[in-house]
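>>> Structure, please.
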Amino acid sequence: MAKDIKSLRTRIKSFDSTLHLTGAMGLVASSKIKRACDSMYASREFSDGISEITMALAASPECRKSPYFGLVKKATENTEDEADVKAQEEPLKTRLIVIAGDRGLCGGYNANIFRTIRTMDAYEIKPIGKRSYDKYHQADTEDENEETEEEGYLSSEHYSYEEALEEAGNCCKDFLEGKIDRVLVVYNRYVSIMSQEPRVFQLLPLVKEEGAKELGGILEPAPDVLLEELVPEYFACKLYALVKESFACEVAARRMAMDSAKKNAQQMIDNLKLEYNRARQSTITQEITEIVSGAGK
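Have a look, this model is predicted:
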């Protein structure tokens, strides 16, 4: 019985340590939520504004043949050529930009992203966030591996607009050169502090929105020239906004996970204390019985 009491006391201390840890992490997440949400709403507002301008430019007749709506692969006159048929049957080369968290202990936040990617056919994956980097990073050569280790991963918490602009330039260049056929972003959509949903957003090629109105007046330079100059900025703004939204989801998910863990730890402590008190009471009763029995002899 004494062994059971000692074991229960050890377990209570263990759960008490967990309770303090989850409580501290929950407070840290709570302190970050407002700042993360403010950053998300500001970046979302700016992203919506530049998206509206981009779609308005795309609605003009001059932009119909823009390469950013997809490179058209011209076939030769001999359509029975096996090489041409094979080229047409090749799957799209999709570059996935996967946004995950820098840390764990945030419920199903990271797992939902990774589960979504399992159903997708990716030609190349660009990770943002340490969890995504650890899971999907692959270097082609030893030299690239050494450079990447020195540079480290792209943090989802401290992701900057300059990094988004650099990624936009690389993706737009590869898209125009035909190295990739489309760019998709896998991220978490912020619904509320209690709900986040994994989503996939297509950055390239551009998709014309139905009902988009053309920009009025005379534009200088021409709309197609403006569109080509604006697309990298549009790409960077959307990517930056999605990273900020994903980070807000991460913080919210961590707070809810830590709140749940804190409640579970407290419930376990209460149950163990009840069991401990019963065991201790039983031990005391047994000792009193032995003393009384010894005194009677």
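>>> wait, what's in contact with residue 202?
By Cβ atoms under 8 Å, 6 or more residues apart in numbering, the contact list for residue 202 reads 182, 183, 184, 185. C-beta: built from backbone N, CA, C; applies to glycine.
>>> I'd like the next helix or strand past the worst-scoring helix or strand of the chain on mean pLDDT.
Lowest mean confidence among the helices and strands of the chain (mean pLDDT, DSSP states H and E): helix 142-151, at a mean of 44. As assigned by DSSP states H and E, the chain's next helix or strand after helix 142-151 is helix 161-176.
>>> how about that following helix: buried residues?
The neighbour-count criterion (16 or more other Cβ atoms under 10 Å) identifies 163, 164, 165, 167, 168, 171, 172, 174, 175 as the buried residues of helix 161-176.
>>> Measure how buried residue 35 is and give me the count.
Burial of residue 35 is recorded as 11 neighbouring residues (other Cβ atoms under 10 Å).
>>> Over to residue 120?
Counted with other Cβ under 10 Å, the neighbours of residue 120 add up to 13.
>>> where does the stretch 151-297 of the chain dip in pLDDT?
Along the stretch 151-297 of the chain, segments meeting pLDDT under 70 span 151, 211-220, 295-297.
>>> can you map out the helices along it?
For the stretch 151-297 of the chain, the helices defined by DSSP state H, counting those that start in this stretch occupy 161-176, 223-296.
>>> Out of the ones you listed, flag the one nearest residue 42.
helix 223-296 (8.2 Å; Cβ to Cβ).
>>> Helix 161-176 and that closest one, what's the angle between them?
Following axes from the mean of the first three to the mean of the last three Cα atoms, to 10 degrees, one obtains 120 degrees for the angle between helix 223-296 and helix 161-176.
>>> helices and strands around helix 223-296, which ones?
Applying 3 or more Cβ pairs under 8 Å, 6 or more residues apart in numbering; DSSP states H and E, we find helix 223-296 packed against helix 2-58, strand 94-99, helix 109-118, helix 161-176, strand 182-192, strand 195-204.
>>> chain center to the longest one: distance?
It refers to helix 2-58. Centre-to-centre, helix 2-58 and its host chain are 13 Å apart (Cα atoms, centre = their mean, to the nearest Å).
>>> what's the average pLDDT for that helix?
For helix 2-58, mean pLDDT is 87.
>>> List the contacts of residue 197.
Applying Cβ under 8 Å, 6+ apart, we find residue 197 in contact with 188, 189, 191.
>>> show me what contacts the last one?
Going back to what we said before, that points to residue 191. Contact partners of residue 191, counting by Cβ under 8 Å, 6+ apart, are residue 197.
>>> so how far is residue 245 from it?
11 Å (Cβ to Cβ, to the nearest Å).
>>> Quick check: residue 133 vs residue 125, distance?
With Cβ to Cβ as the criterion, residue 133 and residue 125 are 10 Å apart.
>>> Also residue 54?
Distance, residue 54 to residue 125, using Cβ to Cβ: 26 Å.
>>> who's more crowded, these two?
Set residue 54 next to residue 125 and count neighbours by other Cβ under 10 Å: residue 54 wins out with 24 against 18.
>>> Just give the nearest non-adjacent residue to the more buried one, would you?
residue 234 (4.5 Å; Cβ to Cβ, 6 or more residues apart in numbering).
>>> hmm, back to that, can you put the contacts of residue 197 in TSV and add distance to residue 27?
TSV is the format used below for the contacts of residue 197 (distance: Cβ to Cβ, whole Å):
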residue	distance to residue 27
188	22
189	26
191	23
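>>> before we move on, the earlier item: residue 284: which of the helices and strands packed on helix 223-296 is closest?
Residue 284 sits nearest to helix 2-58 of all these, at 10.7 Å, using Cβ to Cβ.
>>> Quick one: list the elements packing against the closest one.
When contacts are defined as 3+ Cβ pairs under 8 Å, 6+ apart, helix 2-58 packs onto helix 223-296.
>>> Now do the helix it packs on against strand 195-204, angle only.
If you take the same axes, to 10 degrees, helix 223-296 sits at 150 degrees to strand 195-204.
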